[in-house]
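# sequence and computational prediction follow.
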Amino acid sequence: MPVIEARNINFSYDTKSVMGNVSFAIDEAQIAAVIGPNGSGKTTLLKIINGTLFPNSGKMFVDGKETVRWSRREIARKVAIVPQETSMIFPFYAEEIVLMGRFPHLGRYSFEDKNDYKIVHKAMEKTDTLTFADRRFDELSAGERQRVLIARALAQEPKILLLDESTVFLDLKHQAQFLALLRQLNTEQKLTVIFVTHDINLAAQNAEKIILLDSGEIYAIGNPADVITAANIKEVYDVDILIDQNPKNRLPRMTLLT
Ligand code: ADP
């Protein structure tokens, strides 16, 4: 059974239709990427998956149950999102932000216990954020804030992790560290990952399934070799690219031709 299934989803912001007839399925422990030009509906799609937004028609299923039937708390125990916007003015310390990831797991009137702090500590260790645990979030660099938000999502201990451009501010070492961590969680804990990215090579090298969106519709879906083609990219992004293969793994590799 797929862990995420979209059936014929249509979505509008007020009267502006931004998503039409979107259907796809993601299996448990799959790593999928969503690509597409600005405004093609990538962020909207993530918000529909985590139940922040609901389709106007069609259905979104998470773990076999429609998102409209999940409570916020219930769905937050399954799905964590690392949002794109990291410049929110949070007058909190980094550790407090990560601790927020535990909220969906706490009883209504209970406080965090030792185990919650242990999980928070581990998430911060894995994201290399412990050194600034007691610094204010809004005083961190963009890359440091991004890592704190990744730690918060990990502390949530989700089954499904949604990432919205979560590597853009990371330096190469932290990018590599994060990708290795995703792979580890994917293999060891069957974590399902859906990441939105502008970096087509990042998608091609790391996702088993790629969804290429164009104006709120799925233009192509499938494995990297089927979706990342010069013809598809030309049609959707209106740019010329050269595709060859990464000599190490034979996955498609693109170069922008200017
Ligand atoms: P992407 O992530 O691919 O850049 P988005 O999902 O953010 O695309 O946006 C898809 C479309 O919906 C765009 O045309 C955008 O302007 C519009 N949009 C996004 N958020 C809102 C909103 N809160 N209210 C109205 N329109 C929105």
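Thanks, I have the structure now.
# so what's the residue lying closest to residue 198 once chain neighbours are set aside up against?
Using CB to CB, 6 or more residues apart in numbering and skipping the chain neighbours, the partner closest in space to residue 198 is residue 165 (6.9 Å). C-betas here are computed from N, CA, C, even on glycine. Residues in contact with residue 165 (CB atoms under 8 Å, 6 or more residues apart in numbering) are 84, 196, 197, 198.
# ok, now how distant is residue 165 from residue 197?
In this structure, residue 165 and residue 197 are separated by 6 Å, where distance is defined by CB to CB, to the nearest Å.
# ok, now residue 225?
According to CB to CB, residue 225 stands 18 Å off from residue 197.
# what does residue 187 give?
For residue 187, the distance to residue 197 under the criterion CB to CB works out to 21 Å.
# same check, this time on residue 54
25 Å.
# these two - which one has more neighbours?
Taking other CB atoms under 10 Å, residue 54 and residue 197 do not tie; residue 197 has more neighbours (22 against 15).
# cross-check the contact I'm expecting between that one and residue 33.
Yes: the pair formed by residue 197 and residue 33 meets the contact definition of CB atoms under 8 Å, at 6.0 Å.
# residue 124 touches residue 99, doesn't it?
No: assessed by CB under 8 Å, residue 124 is found out of contact with residue 99, at 10.0 Å.
# where does pLDDT dip in the protein?
Across the chain, residues meeting the criterion (pLDDT under 70) sit at 86-90, 108-109.
# list the buried residues of the longest helix along it.
For the chain, the helix with the greatest residue count under DSSP state H is helix 172-189. Within helix 172-189, the residues that count as buried by 16 or more other CB atoms under 10 Å are 174, 175, 177, 178, 181, 182, 185, 186.
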